[in-house]
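Student: Sequence and predicted structure are below.
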Amino acid sequence: MSNLRLCIQKGGRLSEKSLALLNQCGVAVANGGSLKAEARHYPMEVLFLRDDDIPQAVQDGVADAGILGENVALESGKDVEIVEKLGFGRCRLSLAVRREESYEDTTWFEGKRIATTYPRIVESYLKEKGVSAAIEKINGSVEIAPSIGLADGICDIVSTGSTLLSNGLKEVETIMRSESVLVKHKDLEPQKAKYLENLVFRIQSVLRASEFKYILLNAPNEALEGIMQELPGMNSPTILPLAKEGWSSLHSVIREDDFWERIGRLKDLGAEGILVCPIEKMIL
Ligand code: PRT
Ligand code: ZN
């Protein structure tokens, strides 16, 4: 029976986090610098490739699945299916021009030259906006193109914005937001599809867990109803009586994103002794 073949980026920004995610899923992979590694505890082998080569490998069935930036998957134009967004490697693909330009809207780019590593994405964006500009494909150091007279503007990945800033550029349009994604071959054989499905199930449990915290608190019984309104939880909270007469302990889960606001309200409602713990896996 053949194992699942997953390719991940070799030695780039996404490599470590891809391996860490697999590890959290109980799949141990040694990154010993070789091109291929057998996973331990899972019927899978991992190929280490340049991110640009992953879409082709997955399309052609050289690999069954891959982890890469959504921007690279889209730019490749290859026929692969996005299975899951993975929440790391977040960035945006943006247009930028010299800081001193007075920019109002995309018509600024009419008849101009744009340097980018993402010609397909830029072309389809300009088409949608009805702007015609010359696209110069370059493979690295896109941010210096305007200062050396190679282009009027650029389209590149932006994360903090400090690369643009230190090259005298300003971000003027966001074309897309991107994060790492799991992609798969369009037509996997049944056994491999099962292995991948199981891996996706584990990934989802890990990702979901990172969005929530486990919360335990004590409260007087008469405050419980109000507190429960604040804690929708996974289902309904667990309530256990405390040795102290008229008091209970309540256990539930709470979303990470509005965590501090809710904690404030819980205290106002009479909650005491609040404990908050990370959740490692969350299976619904
Ligand atoms: O060798 P290989 O071809 O595999 O790698 P690569 O050099 O093509 O890609 P790599 O490892 O740099 O990035 C892999 C993926 O990480 C990208 O395709 C994005 O999906 C994602 N990602 C997230 C980023 C960034 N953040 C990022 N900040 N990719 C690149 N950058 C670069 C950007 O090109 C620019 O030079 O960082 C600079 C901007 O960062 P700020 O923080 O200054 O705005
Ligand atoms: Zn690359």
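Tutor: Thanks, I have it. Ligands and ions are numbered 1, 2, ... in the order given.
Student: where does the chain dip in pLDDT?
Tutor: Counting by pLDDT under 70, the chain shows low-confidence ranges at 1, 233-234.
Student: Excluding sequence neighbours, find me the nearest residue to Glu143.
Tutor: Using CB to CB, 6 or more residues apart in numbering and skipping residues adjacent in sequence, the residue nearest Glu143 is Asn167, 4.4 Å away. In this view, the C-beta of every residue, glycine as well, is placed from N, C-alpha and C.
Student: Thought Val142 was touching the one you found, still the case?
Tutor: No: applying CB atoms under 8 Å, one finds Asn167 not in contact with Val142, separated by 9.5 Å.
Student: who's more crowded, these two?
Tutor: Legend: neighbour count by other CB atoms under 10 Å for Asn167 and Val142, higher for Val142 (24 against 19).
Student: Quick check: Ile254 touching Leu275?
Tutor: No: Ile254 lies out of contact with Leu275 (CB under 8 Å); the separation is 11.5 Å.
Student: the more surrounded of the two?
Tutor: Ranked by neighbour count (other CB under 10 Å), Ile254 and Leu275 place Ile254 first, with 19 against 12.
Student: What parts of this protein come near ligand 1?
Tutor: Counting by CB under 6 Å from any ligand atom, the chain comes close to ligand 1 at 9, 12-14, 50-52, 69, 71-72, 89, 91, 156-163, 178.
Student: Any of the residues you listed buried? List them.
Tutor: With burial judged by 16 or more other CB atoms under 10 Å, the buried subset of the residues of the chain next to ligand 1 is 9, 12-14, 51, 69, 71-72, 89, 91, 156-158, 163, 178.
Student: Return the subset of those residues lying in helices.
Tutor: Those of those mapping onto helices are 71-72, 163, per DSSP state H.
Student: what is in contact with Ile254 and Leu275 at once?
Tutor: Common contacts of Ile254 and Leu275 (CB atoms under 8 Å, 6 or more residues apart in numbering): Ile215.
Student: domain ranges for this protein?
Tutor: Per the record, the chain has its domains at 4-87+179-209, 91-178, 212-278, by automatic domain parsing.
Student: end-to-end on the shortest one?
Tutor: Which is domain 212-278. For domain 212-278, the separation between the terminal residues is 7 Å (CA to CA, to the nearest Å).
Student: quick one: Ala134 and Ile114 touch, right?
Tutor: Yes: if you go by CB under 8 Å, Ala134 and Ile114 touch, sitting 7.2 Å apart.
Student: Any idea how many residues pack against the residue nearest to Leu207 when sequence neighbours are not counted?
Tutor: Distances taken as CB to CB, 6+ apart put Gly87 closest to Leu207, at 5.7 Å, once the chain neighbours are dropped. Neighbours of Gly87 under the rule other CB under 10 Å: 16.
Student: so who does Gly87 touch?
Tutor: Contact partners of Gly87, counting by CB under 8 Å, 6+ apart, are 179-180, 207, 210.
Student: The same query, at a cut-off of 10 Å, please.
Tutor: The neighbours of Gly87, taking CB atoms under 10 Å, 6 or more residues apart in numbering as the test, are 17, 21, 179-181, 203, 206-207, 210-211.
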